[in-house]
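J.: sequence first, predicted coordinates after that:
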Amino acid sequence: MLARKAGLSFTISTLLCSPLISQASPLPNQTYHLTILHTNDNHGRFWRNNDGEYGMAARKTVIDQIRAEVKAAGGYSLLLDGGDVNTGVPESDMQDAEPDFKGMNLLGYDAMAVGNHEFDKSPTVLAKQRKWAKFPMLSANILRNGKPFFKPYQIFSFGKLKVAVVGFTTDDTVKLSNPENTAGLTFKKPADIAKQLIPQLRKKADIVIAATHMGHYTNGNHGINAEGDVEMARQVTGLDLIVGGHSQNPVCMLSETERNDAYIPGTACAPDKQNGAWIVQAHEWGKYVGRADFEYRNGVFSLVKYQLIPINLKKTVKGDDGKDQKVLYTEAIPENADLLAFLTPYQEKGQAALSEEVAMSDGKLIGDRAVVRSTPTNLGNMIATAMKEKAKADFALMNAGGIRDSISAGKITYKDILKVQPFGNTLVYIDLSGKEALDYLKAAAKMTAGSGAFPQLAGVSLQMKQGELVEAKINGQVIDPNKTYRLALNNFTAAGGDGYPKLNQHPGYVNTGFVDADVLKQFLAARKQITIAEFEASNPISNE
């Protein structure tokens with residue numbers, strides 16, 4: 001691909017936060033070798049799983065070997081990440097992803113895209129994480145007061161070869177994250193910013209790479225999601241490579257319009273290519289390290305070889321005894337001893353806190369995604385009841401999208417609770433007039449079954465007729481429009497998350513500061529023995 005030098009007037013001058021670099025051109029007739037290593041959607045997986053798959057320590061072994069090989073051959077390398085370091089494993093979540101960000105430092109990441117889950121926690125935690133990261137967190141389309149909230153791009157020099165890496169974040173972030181955590185920020189459509197910024201970067205660099213957290217949607221079919229990498233590549237001229245994340249796919253193509261969604265680890269992988277830009281993504285959780293070997297010669301940027309390297313991934317096979325067993329897809333990768341030693345105290349700290357018994361249950365508490373987003377469940381009712389009691393409220397609502405797992409019968413640990421509620425939302429309450437309570441419940445009753453907005457309720461029953469709320473009762477009594485009622489919910493929903501009416505500016509709004517998982521933990525610990533029949537409520541929303 002020819003390095004483009006097309007000039008285009010760029011109106012968002014604030015994005016050009018560094019002066020134009022005096023560019024010494026790459027030497028003619030010289031071949032520059034550049035290897036791009038990439039990961040995405042770490043989601044707290046700093047440690048290997050119970051089957052010994054992935055984990056940062058084994059990842060480092062692979063990355064160090066490749067870097068040494070590339071350097072010995074006279075080439076250069078960059079290690080990039082497609083974002084979403086946060087949220088997914090309790091050991092990481094309860095430590096604000098400190099082991100993950102600091103582990104990335106030791107892995108030697110050169111830059112990362114900012115993901116939507118970087119806004120799962122409060123702005124205070126995000127500020128702390130930005131200090132932990134010794135590499136730039138990049139996003140050109142997140143603005144505050146018209147200026148970039150993160151560094152838009154970074155330019156790397158390899159001899160006389162200059163490489164620009166620019167970051168982009170999905171503009172869906174506003175609806176996917178807690179509105180309180182994105183207050184004051186504007187998420188522009190990435191392609192609109194790229195159309196203006198990329199021509200300017202082509203004047204500063206020979207190669208332009210986008211590190212994105214936007215998603216790979218085959219042939220640009222993004223459905224209800226915001227536009228992703230394919231759509232941006234088709235709209236924007238001048239990108240050489242897109243290192244993506246967000247959709248959590250291994251991007252291995254069967255053709256230009258068909259992705260191999262049945263990709264088998266260790267087999268050949270052909271990245272996507274749209275409008276001259278290669279598009280890569282390495283699935284999720286550090287399951288793979290992507291390796292793209294390029295050559296740059298006389299203005300032409302060419303892909304020599306691409307592969308996804310599985311990090312100790314395993315498949316299930318039948319053993320000689322007829323029982324299932326896990327076997328590696330490819331050769332075992334040893335864990336780097338130094339990084340393992342660094343991460344071990346974090347894992348032990350997490351395990352010690354998480355493994356303690358909180359309570360016992362006589363049956364399964366149901367939080368399976370397909371169930372909890374479509375019908376009332378015992379777990380949904382229990383969470384709402386815990387919120388109601390803690391806030392001394394009359395009724396409570398829990399958005400089903402905030403319930404991320406079930407709890408099995410038997411021993412319940414803090415780890416089980418954090419798997420159910422990993423986002424660190426806080427308990428809030430609002431004192432509403434009866435009319436306001438009715439209006440809010442009308443909106444809740446219309447939330448679509450199957451969506452994260454589906455309400456799990458406590459203390460309230462609703463009667464619907466032809467899609468309209470005709471009667472609402474709180475604790476068995478018809479709502480009095482002139483009476484005051486206290487509603488308990490989480491700050492995500494109160495701020496308008498999942499499409500609910502905003503209540504966080506209401507004069508009766510109080511944020512207790514209690515983290516939702518801790519509220520549930522206290523509720524369980526106070527009871528010690530959970531009888532699921534207590535929470536097997538009939539459907540609180542009935543239809544005629």
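T.: Alright, I've got the coordinates. Computed from a predicted model, the values in this text were never measured in an experiment.

J.: output the below-cut-off pLDDT ranges for the stretch 151-300 of the chain.
T.: 224 (pLDDT under 70).

J.: the strands in it, which residues?
T.: With DSSP state E, counting those that start in this stretch, the ranges of strands along the stretch 151-300 of the chain come out as 153-158, 161-169, 185-187, 207-213, 241-243, 253-255, 258-259, 272-274, 277-280, 288-297, 300-310.

J.: put together JSON lines for those strands, with distance to Y485 and mean neighbour count on each row.
T.: For glycine as for every other residue, the C-beta is placed from the backbone atoms N, C-alpha and C. Formatted as JSON lines, the strands of the stretch 151-300 of the chain follow (distance: least, CB to CB, whole Å; neighbours: other CB atoms under 10 Å):
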{"stretch": "strand 153-158", "distance to Y485": "51", "mean neighbour count": "18"}
{"stretch": "strand 161-169", "distance to Y485": "39", "mean neighbour count": "26"}
{"stretch": "strand 185-187", "distance to Y485": "33", "mean neighbour count": "17"}
{"stretch": "strand 207-213", "distance to Y485": "40", "mean neighbour count": "31"}
{"stretch": "strand 241-243", "distance to Y485": "50", "mean neighbour count": "29"}
{"stretch": "strand 253-255", "distance to Y485": "55", "mean neighbour count": "14"}
{"stretch": "strand 258-259", "distance to Y485": "50", "mean neighbour count": "16"}
{"stretch": "strand 272-274", "distance to Y485": "53", "mean neighbour count": "20"}
{"stretch": "strand 277-280", "distance to Y485": "51", "mean neighbour count": "24"}
{"stretch": "strand 288-297", "distance to Y485": "51", "mean neighbour count": "21"}
{"stretch": "strand 300-310", "distance to Y485": "54", "mean neighbour count": "17"}
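
J.: pipe the ones you listed into TSV and attach distance to D120 per row.
T.: Below are the strands of the stretch 151-300 of the chain laid out as TSV (distance: least, CB to CB, whole Å):
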stretch	distance to D120
strand 153-158	24
strand 161-169	13
strand 185-187	14
strand 207-213	13
strand 241-243	22
strand 253-255	31
strand 258-259	28
strand 272-274	28
strand 277-280	25
strand 288-297	24
strand 300-310	27
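
J.: grab the nearest non-local neighbour of L418.
T.: Counting by CB to CB, 6 or more residues apart in numbering, L418 lies nearest to P90, which is 3.6 Å off, once chain neighbours are set aside.

J.: that older thread, closest to K442 out of the strands of the stretch 151-300 of the chain?
T.: Minimum separation from K442 across the strands of the stretch 151-300 of the chain (CB to CB) falls at strand 185-187, 29.6 Å.

J.: mind checking how far the closest one is from the chain centre?
T.: What separates the centre of strand 185-187 from the centre of its chain is 17 Å, taken as CA atoms, centre = their mean, to the nearest Å.

J.: can I get whichever strand or helix holds V62 as PDB, trimmed to CA atoms?
T.: Assessed by DSSP states H and E, V62 sits inside helix 56-72. Only the C-alpha atoms of helix 56-72 are listed here, as PDB (Å, rounded to 0.1, in the frame of the first residue of the first chain):
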ATOM      1  CA  MET A  56      -0.200 -12.700  31.200                       C
ATOM      2  CA  ALA A  57       2.800 -14.800  32.300                       C
ATOM      3  CA  ALA A  58       2.500 -17.200  29.400                       C
ATOM      4  CA  ARG A  59       1.700 -14.200  27.100                       C
ATOM      5  CA  LYS A  60       5.000 -12.600  28.100                       C
ATOM      6  CA  THR A  61       6.900 -15.700  27.100                       C
ATOM      7  CA  VAL A  62       5.500 -15.500  23.600                       C
ATOM      8  CA  ILE A  63       6.000 -11.800  23.200                       C
ATOM      9  CA  ASP A  64       9.500 -11.800  24.500                       C
ATOM     10  CA  GLN A  65      10.500 -14.600  22.100                       C
ATOM     11  CA  ILE A  66       9.000 -12.800  19.100                       C
ATOM     12  CA  ARG A  67      10.600  -9.500  20.000                       C
ATOM     13  CA  ALA A  68      14.000 -11.200  20.300                       C
ATOM     14  CA  GLU A  69      13.600 -12.900  17.000                       C
ATOM     15  CA  VAL A  70      12.500  -9.700  15.200                       C
ATOM     16  CA  LYS A  71      15.300  -7.700  16.700                       C
ATOM     17  CA  ALA A  72      17.900 -10.300  15.700                       C
END
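
J.: so what touches that helix?
T.: 33, 35, 37, 39, 45-48, 76-77, 79, 100, 103-104, 106-108, 286, 289, 291, 309, 311-312, 333-337, 339-340, 343 (CB atoms under 8 Å, 6 or more residues apart in numbering).

J.: PyMOL command for the buried members of the residues you listed?
T.: Buried residues within the contacts of helix 56-72, by 16 or more other CB atoms under 10 Å, are selected in PyMOL with:
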select buried, resi 33+35+37+39+45+46+47+48+76+77+79+100+103+104+106+107+286+289+291+309+311+312+333+335+336+339+340+343
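
J.: A437 is in contact with I474, isn't it?
T.: Yes: counting by CB atoms under 8 Å, A437 does reach I474; the two are 7.4 Å apart.

J.: now the stretch 1-150 of the chain, which segments are flagged as low pLDDT?
T.: 1-24.

J.: ranges for the strands of it?
T.: 32-39, 76-81, 111-113, 137-138, 142-144, 147-148.

J.: how far off centre is the second one?
T.: With CA atoms, centre = their mean as the basis, strand 76-81 stands 21 Å off its chain's centre.

J.: next: the fifth one.
T.: For strand 142-144, the gap between its own C-alpha mean and the chain's C-alpha mean amounts to 19 Å (CA atoms, centre = their mean).

J.: direction included, what does it pair against?
T.: strand 147-148 (antiparallel), strand 185-187 (antiparallel) (DSSP bridges).

J.: any chance of those strands in CSV, plus distance to V230?
T.: CSV is the format used below for these (distance: least, CB to CB, whole Å):
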stretch, distance to V230
strand 147-148, 25
strand 185-187, 19
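
J.: so what's K326 closest to, chain neighbours aside?
T.: K314 is the one closest to K326 (CB to CB, 6+ apart), at 4.2 Å.

J.: just the pLDDT at the one you found, thanks.
T.: We have a pLDDT of 97 for K314.

J.: so what's T316 up against?
T.: D324, Q325, K326.

J.: just Y429 next, same as before
T.: A391, K392, A393, R486, L487, A488, L489, Y509, V510, T512.

J.: now swap in G88 and tell me
T.: H43, G44, R45, W285, P422.

J.: apply 6 Å and report the result again.
T.: H43, G44 (CB atoms under 6 Å, 6 or more residues apart in numbering).

J.: A458 reaches A396, doesn't it?
T.: Yes: the pair A458 / A396 is scored as a contact, 4.5 Å apart, by CB atoms under 6 Å.

J.: a helix runs through Q351, doesn't it?
T.: Yes: looking at Q351 with DSSP: H, G, I helix; E, B strand; the rest coil, it is inside a helix.

J.: ok, and the closest non-adjacent residue to it?
T.: Nearest one to Q351, counting by CB to CB, 6+ apart, is E91 at 6.8 Å.

J.: now the one you found: how far from G55?
T.: As judged by CB to CB, to the nearest Å, E91 and G55 stand 12 Å apart.

J.: what do these two both touch?
T.: Common neighbours of E91 and G55 (CB under 6 Å, 6+ apart) do not exist.
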